[in-house]
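# pasting a predicted model and its sequence here:
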Amino acid sequence: MRGLDSFRIVWRNLWRMKLRTILTSVGVMIGTAAIVAMISLSLGLKENAVKSLESWGNLTQMEIAPAFRSPDGTFIPDEEQRKLDKEAVQILKQIPEITQVMPTKRLHADSKLKIGRREGYVELIGVEPRESAASKKADLEKGTFLSGAKNEIVVSYDVLQQLVDVEKERREARKRNAQRNTRAAEMMPPEMGEGGGELKLDVVGKAAVIVLTRQYTVDDEPKFEKREIRVRVVGQEHKLDNPRYGPVAYVPLDMITELNEWVNQGMEEELQESGSSVRKTRTRANADKNNTIYDEITVKAASREVVETVVKKVQENGFEVYSPARELEQINQFFFVIQMILGGIAAVSLLVASIGIVNTMIMSILERTREIGIMKVIGATVYNIRWLFLIESGFIGLIGGVTGLGLAYGAVALINTLAKNSGAMEQFGFRGGPGPEEQLAQIAVVPIWLALFAIGFAFVIGLLAGIFPAFRASRLSALQAIRSD
Amino acid sequence: MANGIGELTVEGVNHSYGTGKIKVPVLHQISLHINKGEFIALCGTSGSGKSTLLNLLAGLTRPDEGSVWLNGEEISRFNENQLCLFRRKCIGFIFQSYNLLPNLTALENVELPLIFAGEGVRKRRERAKAILHQVGLGERLDHKPNELSGGQQQRVSIARALVNQPQIVLADEPTGNLDSATEKEILALMRQMNREIGTTFVVVTHDQEVAHQADRVIYLQDGWIKRIENARTANEVQLT
Ligand SMILES: Nc1ncnc2c1ncn2[C@@H]1O[C@H](COP(=O)(O)OP(=O)(O)OP(=O)(O)O)[C@@H](O)[C@H]1O
Ligand SMILES: [Mg+2]
């Protein structure tokens, strides 16, 4: 028998029993729709989670910290923990999978940045210009990164908001107060001043002043000492989706070391006078001088694939690693479990559906007993009969699979629309990237492999359900089949 | 066993129905030989075992004892699938109740054996049409069985039995459901096919009319061959 002919015969039989075919395939349809909708939902959630992680930070970048727990789980006392010092940087640089080691150090005091008439508090972060240049360059909107020359700074985007013209603000505040007093009855529309708006301030290339203040007490009287450093703004970062720092200025590491010393000296003097725990601070200050202790060391892996290796090697050297990639791992595990559970539920529903198919097929064998007998007498072989029934139940599965996939597409579209309209994305903590809105608005996605898999799976379910009925049909004795009325 | 194309030989066949302890013997020591192109009538009272013998010849039942040879092959040794293939190639079967598939047209019913044989659409349609013309149903190709009279349905069934060009056609009371006028037509048709194509026919019948048309008549009684009668010469061969 030719394939096409057998399909035609099967199709006729299914068409003849339209209602029953439909009702039987509904089971498969619901099962398939459940599988596809659930898996696509969990895939979509995962994709969103990964995307928001990616926008949070480059997945190849990792934070290094001293390990506070040894591999066997016991706590390591403070003194024995590794230090984030020059030696640590050297060790990290030895690891071949690490392409960059970027130590940073913060200023342990308040600092103000003045550019022209504007000023504002910013955090000073010291970086190694050469090490950090490669990865920091990508974040630049204007200008260049630190070249290594003295007294250069690069500011983050948030600094632009931070800088305000203090004099002007004051003037305007006075004006507003005056207006409120004179024309209290009239509602004035709030004046859109320069203060709040998204103004385009260009600071690159301008001279700036960093103002530090150290404070110490003499005879219970707080004393303040100011220090001003003249610098030049050479670059400005663009707006980052998830900035690690707020308003910051990147300066060469040497500058921070020096400034920290200056600030600490003040504190030391203060402590000396109060006379307590002097030695400890002094030793720390000394250690700082000889061997810089960094606040943070960021390393960059050569690629996403070697992140695991890097993590392992860094840990072997007595450090702890924090990276979005490790969270990704946990997300993967979490969604794998979710998918397994959802898949299990759907599998049960498909099992029930396949029992439905078996039932239907046995029913139609009973109905068609005579027909089977006739076909066997006029030249159908055992295999022909078996094949016809197998294909028939496979088709029922296929019909269920295709309609179920359609249903799943509908459900997914519905979920996405609902999620978009109800703002569920924000609730789940997913924030849109710089791209178009819909990039992250898909809470559920049906990848092509899932669609194909679902249809194939439904067909196979049908085939499997058909095995027993097909054998039963082919084993019917032709003579008895014909006798049955 | 000397047995060629279109010939049938039955040797020492005993057959009984029932399983286990209660066995009802139906056929006793049946031996006979049928030549190519013969038209044989199988007669006997109801329950004498005519249908049982015919089913043995068609390979629908396997004998308890003895052997059945068709076309030079011992079909009583075939397995189920071999029997199916053998029927497809060599045997046409005609039923008393026609047994057409009710949801297929006349043409499709006749095409069905060729479909199972894997024949291409063009060729099988041509052959089915030709044979339907031969049995006088050229105008009724697209009618479903329930739109045809009993005689017409039996013609379709004859066409279906012959479309594979089998060497042997077996018919179980093909005219049992028909009035005598139609019966004559159907018989004439079978006889005509028997002569034109040279197909061997074995026809089970109660009817003297059929018996008169046959080359030989085999009489069964209580599962025994009572006598074989050469109808043409009226020579009776009495068996002991
Ligand atoms: N499947 C069966 N199981 C048990 N006994 C059977 C079976 N088929 C037939 N018989 C018995 O075998 C005997 C012969 O039956 P068979 O059908 O061959 O007779 P027949 O000559 O064709 O009769 P009829 O002219 O009524 O068709 C009968 O006694 C019948 O009761
Ligand atoms: Mg009978």
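That came through fine. Residues are numbered from 1 along each chain as shown, chains lettered A, B, ... in the order given. Ligands and ions are numbered 1, 2, ... in the order given.
# domain-wise, how is chain A divided?
Residue ranges for the domains of chain A, per automatic domain parsing: A:3-56+A:330-483, A:100-163+A:199-299.
# now the end-to-end length of the shortest one.
Just to be clear, that refers to domain A:100-163+A:199-299. Between the opening and closing residues of domain A:100-163+A:199-299 there is a gap of 6 Å (Cα to Cα, to the nearest Å).
# list the helices and strands the host helix or strand of residue A:393 packs on?
Element membership of residue A:393, judged by DSSP states H and E, is helix A:382-422. Contact here means 3 or more Cβ pairs under 8 Å, 6 or more residues apart in numbering or on different chains; DSSP states H and E; on that basis helix A:382-422 packs against helix A:3-16, helix A:18-56, helix A:324-367, helix A:369-377, helix A:438-441, helix A:448-475, helix B:80-90. Yep, even glycine has a C-beta here, placed from its N, CA and C like the rest.
# follow-up on the earlier one: which of the domains of chain A has the lowest average pLDDT?
Set side by side, the domains of chain A give their lowest mean pLDDT on domain A:100-163+A:199-299, at a mean of 77.
# what ranges do the strands span in chain B?
With DSSP state E as the criterion, chain B has strands at B:8-17, B:24-34, B:39-44, B:65-70, B:73-74, B:91-94, B:168-172, B:200-204, B:216-221, B:224-230, B:235-238.
# dump those to JSON lines, plus distance to chain A.
As requested, those are arranged in JSON lines below (distance: least, Cβ to the nearest Cβ, whole Å):
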{"stretch": "strand B:8-17", "distance to chain A": "11"}
{"stretch": "strand B:24-34", "distance to chain A": "13"}
{"stretch": "strand B:39-44", "distance to chain A": "17"}
{"stretch": "strand B:65-70", "distance to chain A": "15"}
{"stretch": "strand B:73-74", "distance to chain A": "17"}
{"stretch": "strand B:91-94", "distance to chain A": "5"}
{"stretch": "strand B:168-172", "distance to chain A": "10"}
{"stretch": "strand B:200-204", "distance to chain A": "14"}
{"stretch": "strand B:216-221", "distance to chain A": "18"}
{"stretch": "strand B:224-230", "distance to chain A": "22"}
{"stretch": "strand B:235-238", "distance to chain A": "31"}
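# quick check: residue B:213 touching residue B:41?
Yes - using Cβ atoms under 8 Å, residue B:213 is in contact with residue B:41, at 7.5 Å.
# higher neighbour count, those two?
Neighbour comparison, residue B:213 and residue B:41: the larger count goes to residue B:41, with 26 against 21 (by other Cβ atoms under 10 Å in any protein chain shown).
# most tightly packed of the domains of chain A?
The highest mean neighbour count among these belongs to domain A:3-56+A:330-483 (a mean of 19), with neighbours defined as mean count of other Cβ atoms under 10 Å in any protein chain shown.
# between the helix of greatest length in chain B and strand B:39-44, how many degrees?
For chain B, the longest helix by residue count, based on DSSP state H, is helix B:180-197. Note on geometry: by axes from the mean of the first three to the mean of the last three Cα atoms, to 10 degrees, helix B:180-197 and strand B:39-44 are set 140 degrees apart in direction.
# would you list the helices and strands packed on helix A:382-422 in TSV and tack on distance to ligand 1?
As requested, the helices and strands packed on helix A:382-422 are exported to TSV (distance: least, Cβ to the nearest ligand atom, whole Å):
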stretch	distance to ligand 1
helix A:3-16	28
helix A:18-56	31
helix A:324-367	19
helix A:369-377	13
helix A:438-441	70
helix A:448-475	17
helix B:80-90	17
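# in CSV: those, plus distance to residue B:162.
Formatted as CSV, the entries for those read as follows, by distance: least, Cβ to Cβ, whole Å:
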stretch, distance to residue B:162
helix A:3-16, 21
helix A:18-56, 35
helix A:324-367, 29
helix A:369-377, 14
helix A:438-441, 68
helix A:448-475, 26
helix B:80-90, 12
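# just to revisit the earlier point, mind checking the strands of chain B for the one nearest to residue A:343?
Minimum separation from residue A:343 across these (Cβ to Cβ) falls at strand B:91-94, 51.4 Å.
# please enumerate residues in contact with that closest one?
By Cβ atoms under 8 Å, 6 or more residues apart in numbering or on different chains, the list of residues contacting strand B:91-94 from outside reads A:377-378, B:58-59, B:70, B:87, B:154, B:157-158, B:160-162, B:164, B:166-172, B:174, B:199.
# neighbouring strands of that strand in the sheet, and parallel or not?
strand B:168-172 (parallel) (DSSP bridges).
# close to chain A, is stretch B:111-120?
Yes - remark: stretch B:111-120 sits within contact range of chain A at B:112-113, B:115-118, B:120, by Cβ under 8 Å from any Cβ of the partner chain.
# quick one: mean pLDDT over that stretch.
Model confidence over stretch B:111-120 averages 94 on the pLDDT scale.
# what bridges to the one residue sitting closest to the centre of chain B?
Among the residues of chain B, the smallest C-alpha distance to the mean C-alpha position (Cα atoms, centre = their mean) belongs to residue B:170, namely 0.8 Å. Bridge pairing for residue B:170 (DSSP bridges) gives the partners residue B:93, residue B:202.
# on that earlier part again, ok and the helix holding residue A:393 relative to helix A:18-56, angle-wise?
Computed by the same axes, to 10 degrees, the angle between helix A:382-422 and helix A:18-56 is 50 degrees.
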